[in-house]
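Asks: my questions are about this predicted structure, shown below with the sequence.
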There are 4 protein chains.
Amino acid sequence: MPKLGMSEIRRPQLIRATMRVIHEVGLPNATVAMIGRKAGISPSIINHYFGGKSGLLEATMRSVLKDLSIAVVSRLQKVDKGDIAGRIEAIVGGNFDHKQVDPMVVKTWLAFWAQAMHDKALFRLQRVNEQRLLSHLRIELKRVVPEHEALFLATTIAALIDGIWLRGALNPQGINSQLAQQTIQDYLISKNIIHLAKQRQSEQKAGH
Amino acid sequence: MPKLGMSEIRRPQLIRATMRVIHEVGLPNATVAMIGRKAGISPSIINHYFGGKSGLLEATMRSVLKDLSIAVVSRLQKVDKGDIAGRIEAIVGGNFDHKQVDPMVVKTWLAFWAQAMHDKALFRLQRVNEQRLLSHLRIELKRVVPEHEALFLATTIAALIDGIWLRGALNPQGINSQLAQQTIQDYLISKNIIHLAKQRQSEQKAGH
Amino acid sequence: MPKLGMSEIRRPQLIRATMRVIHEVGLPNATVAMIGRKAGISPSIINHYFGGKSGLLEATMRSVLKDLSIAVVSRLQKVDKGDIAGRIEAIVGGNFDHKQVDPMVVKTWLAFWAQAMHDKALFRLQRVNEQRLLSHLRIELKRVVPEHEALFLATTIAALIDGIWLRGALNPQGINSQLAQQTIQDYLISKNIIHLAKQRQSEQKAGH
Amino acid sequence: MPKLGMSEIRRPQLIRATMRVIHEVGLPNATVAMIGRKAGISPSIINHYFGGKSGLLEATMRSVLKDLSIAVVSRLQKVDKGDIAGRIEAIVGGNFDHKQVDPMVVKTWLAFWAQAMHDKALFRLQRVNEQRLLSHLRIELKRVVPEHEALFLATTIAALIDGIWLRGALNPQGINSQLAQQTIQDYLISKNIIHLAKQRQSEQKAGH
DNA sequence: GATGAATGAGCCTTCATTCAT
DNA sequence: AATGAATGAAGGCTCATTCAT
């Protein structure tokens, strides 16, 4: 077990402080002074660990996206490869994970989204995240519908996920995680995806 | 007597310049100096007409939302009251109006959305806009499905609209207006809404 | 009777507005915009009539000092040349004239006093005023005491007058005009001036 | 570890620079840029140490008033409690202390007096100062004359002090400290205070 | 590693003044 | 005569960053 340097302590500490400050005053109004104060340490040290404010912001966004990725991947790992409906549910569920719908995270996420339009580094991170969601969905959907339809469905589901997040960001009551998942489940049922998925699962079991 | 009526010229001019600057550098980086330069007039005059930067931003957001409202309402006026499917299409279509999917407008809209989380004046404007969309949709949907289902559908459609907008904001290709409307149309067909609407329309015609 | 041009209307109107604004926010915070608004006319017009802000301020101070001068001179005219005590009382009384102890006037006067230290035009006006007060007092005092004592007394009385004014400027209750005059009268009695003055008056009457 | 204790160096340095700038251009024209330049440091640092321009001005006035207080108190400490005439002289002398009649200090003092009429924080400081002078004088005077007369005398002496200061502020030759004290001494003699004080002192000595 | 000191660039705003009508 | 339009200079303040300790 490696000895923990200050770096391993300070970096998460500052990233968390950044998110809290963004939650409170918004990204444009977040200053290194506020973040330092919130973390209980000198603002100067941000330069030491992140090379500047933008470095800290990038690291913070990376952290947010990584948590999202983990939420999805860890759920996928618990679901059988053959259970297509379960896997789609896992992907959607990961996006509405308890940690992900925390108002602080939601606001941070939206703040970065807006900022990403004018910051190359953030833009790249955002694109990767978008593609990853689409990719996860398409992989599963392609197993039950033709490729072009899979793309259409994946795009629609992604739009639903982001739309619910977006509206939740401004809603004082925040995101209703359960309702969100039901909404998407309902969409999949309407599009007959769940039925097809179960059917395919049975076939494969029989095929073995 | 001074030159009169400059207010009607300057205000839209400055609002448009604001949107262009937000499009280029983002809301947090937009300065009154840039906006003034873009409009070809002195930055000082912003105070003359809007009482300050925040006044200009609020007016800009108000303008964006008003354009959106007009796009929806003008389409609704062209559709027969009895044509429920047509009315829903009008509402959706208004949100993907040519002027509304202009990348400049989309970015401005998202920038304000992010900002609204920390600015009371913008927040109120945003809420009104959200509610208006939901309201428009529910009025039509209630005519074909029970109230609670109408609310669910309206919320889902709104999420789809916003989600598509949001993803379009970061997509280099922008929003594909036609595809967006097809996506939502497809959802409505899957939910059997279009069918029910046509049916209701026939009934009413027969009723006369 | 000459027809009144707008100049004769506007100038006093603006001067009065200036004093009211100084009373409210102080000289450093008084802007031409405020003054114009208070007078109910466009600020631009100040340049028309006074050639700029400093011209207006100078005219205002001139007006304040002229009113003071009138208050003194008009009282002197009502007192017999031979009544030395009465003449001194007139000079003092003029400085505590009803119009002069108006809080608005007091504040304006003090504001200009402070400003005069760094403004040549105001400085000259102020000096003339100072000298005039001293001169008035010395002329009368020389008639009852030797020249060098007259100067000393005049200086002391002037200091008392200004000191009372100054303290009154900051006192929420303002200047107590009657008490002020009693204070100086008491000083003159203590210095035996009143007695000497009455004595001289009797001598002169007898001399005729 | 950073350079510590700069606060004790910077604060007096900036306060002194403030007074010098006020002396040169007046309070309304004094800018943080000028003050910083005069002190040889960056204007930004004024915020660091005083939280803004008004904080600096308040600290400057506080400094001026404290110096005045020290001048009076230190003189009082050197005078025997029983020597009433000496104590009054000490109070007056403190107000015309060498440091206090420095033209720079006099102008600063007057500038603040004018400003205090429209600034709550400065107003309070000024009132405390006024009351302190009156209080010092009344305490001594009450020992030789009835209370109501003590108040009258104290007020008159205070007016004389302030009047001499005020006139000195605009007089190119400044305040003649010696003449000022003589003037007030002369007043006290005329009012028989010195005589009464000496008498009381003799009584008390005899009483022991 | 950590921090207070210090800086300089930049921003919003105010304001006196000028101009066209 | 009078005014709204418009400007440009300047001021206070914020803030990310660098530096010495």
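Replies: Here it is on my side, so go on. Numbers count the residues shown, from 1 in each chain, chains lettered A, B, ... in the order given.
Asks: pLDDT score for the most centrally placed residue in chain A?
Replies: In chain A, the centroid-proximal residue (C-alpha atoms, centre = their mean) is A:L68; its distance is 3.5 Å. On the pLDDT scale, A:L68 is placed at 96.
Asks: hmm, who's touching the host helix or strand of it?
Replies: According to DSSP states H and E, A:L68 maps onto helix A:53-77. Contacts to helix A:53-77, defined as C-beta atoms under 8 Å, 6 or more residues apart in numbering or on different chains, come from residues A:11-12, A:14-15, A:18-19, A:22, A:27, A:32, A:35, A:46, A:49-50, A:87, A:90-91, A:93-95, A:97, A:99-100, A:105, A:108-109, A:112, A:115, A:119, A:121-122, A:125-126, A:128-129, A:132-133, A:136. Every C-beta, even on glycine, is put in place using the N, C-alpha and C of the backbone.
Asks: and A:H136, how close does it get to C:V32?
Replies: Per C-beta to C-beta, to the nearest Å, A:H136 is found 66 Å from C:V32.
Asks: other SSEs contacting the helix or strand of chain A with the lowest mean pLDDT?
Replies: Every helix and strand in chain A was compared by mean pLDDT, DSSP states H and E; the lowest is helix A:193-207, with a mean of 89. In this structure, helix A:193-207 packs against helix A:84-95, helix A:177-190, with contacts taken as 3 or more C-beta pairs under 8 Å, 6 or more residues apart in numbering or on different chains; DSSP states H and E.
Asks: mind checking which of the ones you listed is nearest DNA strand F?
Replies: Closest approach to DNA strand F among those (C-beta to the nearest atom of the strand): helix A:84-95, 30.4 Å.
Asks: show me the contacts for the residue of chain A found nearest chain B.
Replies: Chain B sits closest to A:G163 of chain A, with a gap of 2.8 Å, by C-beta to the nearest C-beta. Shown in contact with A:G163 (C-beta under 8 Å, 6+ apart): B:A158, B:A159, B:L160, B:I161, B:D162, B:G163, B:I164, B:L166.
Asks: thought the second one was touching A:L160?
Replies: If I follow you right, that is B:A159. Yes - assessed by C-beta atoms under 8 Å, B:A159 is found in contact with A:L160 at 5.7 Å.
Asks: overlap in contacts, these two.
Replies: A:T183.
Asks: and the closest residue to A:D119 other than its chain neighbours, how many neighbours?
Replies: Spatial nearest neighbour of A:D119, excluding adjacent residues (C-beta to C-beta, 6 or more residues apart in numbering or on different chains): A:S54 at 7.6 Å. Neighbour count for A:S54, taken as other C-beta atoms under 10 Å in any protein chain shown: 12.
Asks: cool, and the one 5 residues further on?
Replies: When counting by other C-beta under 10 Å, one arrives at 18 neighbours for A:A59.
Asks: state the pLDDT value of it.
Replies: pLDDT, A:A59: 96.
Asks: next one: it relative to A:A17, how far apart?
Replies: Distance from A:A59 to A:A17, by C-beta to C-beta: 12 Å.
Asks: now do A:R87
Replies: 36 Å.
Asks: what helix or strand is the closest residue to chain C within chain A located in?
Replies: Closest residue of chain A to chain C, C-beta to the nearest C-beta: A:N29 (29.2 Å). Assigned by DSSP H and E, A:N29 belongs to neither a helix nor a strand.
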